[in-house]
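S.K.: I'd like to go over a predicted model; first the sequence, then the structure.
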Amino acid sequence: MTHHALNFDELTPREAYKVMIGTIVPRPIAWVTTVSPDGVVNAAPYSFFNCLSADPPILALGVENKPDRSFKDTAYNIRMTECFTVNIVDRANVETMSVTAAGFEPEVDELEMAGLTAAPGEKVICPRIAEAPVAFECKRYLGIEVSSAREIILGRIVMAHVREDVIDLGTYYSDHAKLDAIGRMGGNGYAGTLDYFDLPTPSAAEVLAQRKARA
Ligand SMILES: Cc1cc2nc3c(=O)[nH]c(=O)nc-3n(C[C@H](O)[C@H](O)[C@H](O)COP(=O)(O)O)c2cc1C
């Protein structure tokens, strides 16, 4: 089987986007809650998202601007309040998450619109979503304007809320079956995370021994 060589210098931004979202999968979803300067609660999902550092604990969001290059409500609110909360989406909440992705006007409380409960933040003014199994309260660490179309927002986690059946406070390990997190595929696709397996990383000596045994 041959590979198609796709020159990213020649693709349109839309084509590049389609190649990336179709193949860099599944992507975790940050269900971001923010508050406007007027106190309106906002929620929206972002799958250009991951954890990039544990020391300090840093998360990254990739936010696209609107077609007129103005900010989405999430990016605007983070810029104005310097904080946000990332809620993890599980299977039970995938449909309510999708409601919060609709393009509501800034004055609409999207948690209320989706029938979700806002639990007060402890270290940030943004509420977390009470129905989400995990929430990370973040303070804005850095905003990188990669182009006039997109911004990468880094947040430093200052507090986590983890549902009690998910985490073992003795070991800090999480139970993935209880978490039942959902990831984003391309288009309108989603994937579950329960089809997982363990694969310990071998030592270099083990790899060399296996190669020798096969030779
Ligand atoms: C699962 C999912 C993932 C999404 N990921 C992103 C993303 O990574 N970046 C982005 O700019 N928009 C993303 N969107 C679209 C935004 O959620 C959508 O534009 C939303 O209306 C923005 O809301 P806001 O203006 O309240 O921030 C995603 C939508 C869905 C349903």
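M.R.: Sure, I can see it.

S.K.: for the helix or strand that contains Arg79, which helices and strands make contact with it?
M.R.: Element membership of Arg79 [criterion: DSSP states H and E] is helix 73-81. On a contact count with 3 or more Cβ pairs under 8 Å, 6 or more residues apart in numbering; DSSP states H and E, helix 73-81 meets strand 30-35, strand 41-46, strand 57-64, strand 83-88, strand 134-145, strand 150-162. Yep, even glycine has a C-beta here, placed from its N, CA and C like the rest.

S.K.: run the last query once more with 7 Å
M.R.: Using 3 or more Cβ pairs under 7 Å, 6 or more residues apart in numbering; DSSP states H and E as the contact criterion, the elements in contact with helix 73-81 are strand 30-35, strand 41-46, strand 150-162.

S.K.: can I get those strands in TSV including mean neighbour count?
M.R.: Output for the helices and strands packed on helix 73-81, formatted as TSV (neighbours: other Cβ atoms under 10 Å):
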stretch	mean neighbour count
strand 30-35	28
strand 41-46	23
strand 150-162	18
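
S.K.: Ala213 - that's part of a helix, no?
M.R.: Yes - per DSSP: H, G, I helix; E, B strand; the rest coil, Ala213 lies within a helix segment.

S.K.: please report how far it lies from the ligand.
M.R.: Distance of Ala213 to the ligand, given as Cβ to the nearest ligand atom, to the nearest Å: 45 Å.

S.K.: give me the pLDDT for the spatially most central residue of the chain.
M.R.: Geometric centre of the chain, nearest residue: Ala30, 2.6 Å, by Cα atoms, centre = their mean. At Ala30, the predicted lDDT confidence score is 98.

S.K.: nearest to the ligand, out of the helices and strands packed on helix 73-81?
M.R.: For the ligand, the closest of those is strand 41-46, at 3.2 Å, according to Cβ to the nearest ligand atom.

S.K.: quick check: residues of this structure near the ligand?
M.R.: 29, 42, 44-48, 62-64, 72-74, 98, 101, 103, 184 (Cβ under 6 Å from any ligand atom).

S.K.: now that we have the residues you listed, which of them are buried?
M.R.: Buried by 16 or more other Cβ atoms under 10 Å: 29, 42, 44-48, 62-64, 72-74, 184, out of the residues of the chain next to the ligand.

S.K.: so what's the residue count around Leu61?
M.R.: 23 (other Cβ atoms under 10 Å).

S.K.: hang on, isn't it packed against Cys51?
M.R.: No - shown here, Leu61 and Cys51 do not form a contact pair, counting by Cβ atoms under 7 Å, at 11.2 Å.

S.K.: what's the lowest-mean-pLDDT helix or strand in the chain packed up against?
M.R.: Scoring the helices and strands of the chain by mean pLDDT, DSSP states H and E places helix 110-113 at the bottom, with a mean of 92. The elements that helix 110-113 packs onto, with contact taken as 3+ Cβ pairs under 7 Å, 6+ apart, are strand 41-46.
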